[in-house]
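Chemist: Would you be able to build a 3D model of this:
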Amino acid sequence: MFVPSLLATALLAAAPLPETPKRPVTDTYHGVAVSEDYRWLESWDDPAVPAWNEAQNAHARSVLDALPDAAAIRERVAQLVKSSSERYFDIVERKGLLFALRWEPSKQQPYLVTLRSADDPRSERVLVDPNRMDAKGGVAIDFFAPSLDGRKVAVSLSRGGSESGDVHLYDVASGKEVAEVIPHVNNGTAGGSVAWNAEGTGFWYTRYPRGGERPPEDAGFYQQVFFHRIGTPTERDAYELGKELPRIAEIALDTRADGKWVLAEVKNGDGGEVALWLRPAGKGGWSRVAAFEDRAVQAAFGRDDALYVLSRQGAPRGKVLRIPLVAPALDRARVVVPEGEGAIETFAPAKSRIYVVETLGGPSRLRVATLGGKPLPDVPILPVSSVHHVVRLGGDDLLYDNESYLEPSAWYRFEAGAGKARRTRLVQTSIAHFDDAEVVRDFAVSRDGTKVPVSVIRRKGTRLDGQNPTLLYAYGGYGLSETPRFGALRRLWLDQGGVWAVANIRGGGEYGDSWHTDGNLTKKQNGFDDFHACAQHLVKTGYTSPARLAILGGSNGGLLMGAALTQHPDAYRAVVSFVGVYDMLRVETTPNGAFNVTEYGTVRDPEQFRALYAYSPYHRVVDGAKYPSVLLLAGQNDPRVDPWHSRKLAARLQAASASGNPVLLRTSAASGHGIGSALDETIAQRADQFAFLFHELGMTYRPAPGAAPSGKAGP
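Modeler: Now for the predicted structure:
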């Protein structure tokens, strides 16, 4: 039973919600009439919508700022984030030189650097720093691509979290921008990519429609591949590939180290279907090596004359194939790494061996085999940890980053000759230490009997008396695995007696292809059932009670939050949802929503419509139901999930809920989906999240022992 919170009773009258008129609209799908009242909130061009949104922001701001511990929590969040050390990610090696993005807590945005070695941070040179372009963090690096000789680098830059990026070219030796800008190579719909030729005189790149080539509503679709020669106008760039591809194609490009071959991985939207195209870099055109139905989902050039391919054809957890580059075809493939216990996430073929990153229900394993297929001992990694990125060095040596729930990211070098791994100097440190904490791996049982992994991060000696404030997180979509990640902000939660749990629900890739397909399209409800089972498990095992249980998710995980609160409103005290998808009948009318059709389904298909309508959070809100306290966060520049989803769900919940609990809508005017957000905005969002949850779960903020006072960086 819900009891209206102090937040609701004390503040709603002082900061009233804006009036939200109902303007009924009815659509008919396959004979089913569906009515709604808030479609008008989709139109940002209607002056009433920005005004309504501003009033919602003012209301949310007055509520959040008035919370008793808001200022102290904001200070602690900033301290935990900004007292962490730098972190290096997305490392690329070129001729012995390392290119990397560096995140630094004193900067609003990551920036591009070079290093001579992972053991020599002093060799670092700043190459491209978007913070110098906009001190407030309005410019972000979408991606970068060094030339094969390491002398030039292409960098996509976008503004305001939009992910709409133009490619700029830089000379590595001088750090100066050179040549012309290539417009709109990256977008929040299909991403973007660049692959250089051997000479460094030009590159293949992803190109979106320009000028009047397509109607304005198709500006984020019909991605194609063009070739640009440096020093020539982009209008003269040569078309290469794409006219035969789907409207929702997403293309990633790569060049072999010697520049002789070019690869295009083409996704059919976001549902996991991939086609592979190859071309010799000299004369000759593109040829398709694998079609969408072949289930060849990832490829990489070897250092021999072969292409290595991750296939899920007849192997849901994945197998790695070797295809000769001379007359490449799947029917000439040989299995190098057969399907094993773990689900293959990615791989890296080296000189004489292949490294394979697998997930076993969430945590990673780094498996090794010879190119002939003989298994070798695994590379050692941290317990209950994840490997996010692997970088081939000379010979068979490897760089890989490894982190766990309890230890920050560090880059390790595996020396194949010695068979040993050692930590490099590229190590992140944090004032958040978790020596007093532990990770418990457990399993909940879903409605259909499926065992669902849940990782519980808790302080040692936590009492199972049902009184612990507990936060449950999950994602469950697109075949993406929720692997262990370090989070300094968990220290804030654990210090106040909290328990943090992460569920590996269906829809992700934690157990391979079948784990994904059992939780997408018409089976999406399985993931929601898995999540509810994990919540019930936390209650049954004595961690918490519904009155002290909160849930958190974003994007596809925001859809999960919407389904959880509408299907089981009495199971949670509070819900925090970032940039979520909530109207499943209209999502495909948005640009990126069309890319999601292969993951979620379409209302044009009768069976898929029935599944979408059955769980669509916006349509499942019931008048007079008692809903938990809800905080919805959105980004006005979001290219992936239109913020009208959050506006519509907020309006519907505010009108329907009879619990007296608050429904707050917080929209950031200077951010998008979260990618490319300025650090200060990220900190502000997390501070609001924790202040809201602390209050709703009855937690009182107390400074942790040893926490640095205001303005100091800690020990």
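
Chemist: Which stretches in the protein count as helices?
Modeler: With DSSP state H as the criterion, the chain has helices at 6-11, 48-65, 70-82, 130-133, 490-495, 513-517, 524-540, 556-567, 591-595, 597-600, 606-615, 617-620, 644-656, 679-696.

Chemist: Format those as TSV; extra columns: mean pLDDT.
Modeler: Formatted as TSV, the helices of the chain follow (pLDDT from 0 to 100):
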stretch	mean pLDDT
helix 6-11	52
helix 48-65	97
helix 70-82	96
helix 130-133	98
helix 490-495	98
helix 513-517	98
helix 524-540	98
helix 556-567	98
helix 591-595	93
helix 597-600	98
helix 606-615	98
helix 617-620	98
helix 644-656	98
helix 679-696	97
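
Chemist: Reformat the ones you listed as TSV; add mean neighbour count.
Modeler: All C-beta spots, glycine's among them, are computed from the backbone N, C-alpha and C. As requested, the helices of the chain are exported to TSV (neighbours: other Cβ atoms under 10 Å):
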stretch	mean neighbour count
helix 6-11	16
helix 48-65	17
helix 70-82	20
helix 130-133	17
helix 490-495	20
helix 513-517	21
helix 524-540	23
helix 556-567	26
helix 591-595	23
helix 597-600	22
helix 606-615	16
helix 617-620	21
helix 644-656	24
helix 679-696	22
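
Chemist: how about those in a markdown table, adding distance to Val391?
Modeler: Listed next are those as a markdown table, based on distance: least, Cβ to Cβ, whole Å:
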| stretch | distance to Val391 |
| --- | --- |
| helix 6-11 | 48 |
| helix 48-65 | 42 |
| helix 70-82 | 26 |
| helix 130-133 | 23 |
| helix 490-495 | 28 |
| helix 513-517 | 26 |
| helix 524-540 | 33 |
| helix 556-567 | 28 |
| helix 591-595 | 29 |
| helix 597-600 | 29 |
| helix 606-615 | 40 |
| helix 617-620 | 40 |
| helix 644-656 | 37 |
| helix 679-696 | 26 |
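
Chemist: Tell me which of the ones you listed lies nearest to Gln428.
Modeler: helix 70-82 (12.2 Å; Cβ to Cβ).

Chemist: low pLDDT regions in this structure?
Modeler: By pLDDT under 70, the low-scoring segments of the chain are 1-15, 705-715.

Chemist: domain ranges for it?
Modeler: 6-80+432-696, 348-429 (automatic domain parsing).

Chemist: Does Phe531 touch Ala474 like I think?
Modeler: Yes: taking Cβ atoms under 8 Å as the definition, Phe531 is a contact partner of Ala474 at 5.3 Å.

Chemist: before we move on, back to that, could you say which one of the domains of the chain comes nearest to Gln223?
Modeler: domain 6-80+432-696 (10.4 Å).

Chemist: can you give me how far the closest one is from the chain middle?
Modeler: Between the centre of domain 6-80+432-696 and the centre of its host chain there is 15 Å, according to Cα atoms, centre = their mean, to the nearest Å.

Chemist: Without its sequence neighbours, what residue ends up closest to Phe144?
Modeler: Closest residue in space to Phe144, ignoring its immediate chain neighbours: Val155 at 4.7 Å, by Cβ to Cβ, 6 or more residues apart in numbering.

Chemist: now the one you found: how far from Ser193?
Modeler: 13 Å (Cβ to Cβ, to the nearest Å).

Chemist: Now for those two: what residues contact both?
Modeler: Common neighbours of Val155 and Ser193, using Cβ atoms under 8 Å, 6 or more residues apart in numbering, are Phe143.
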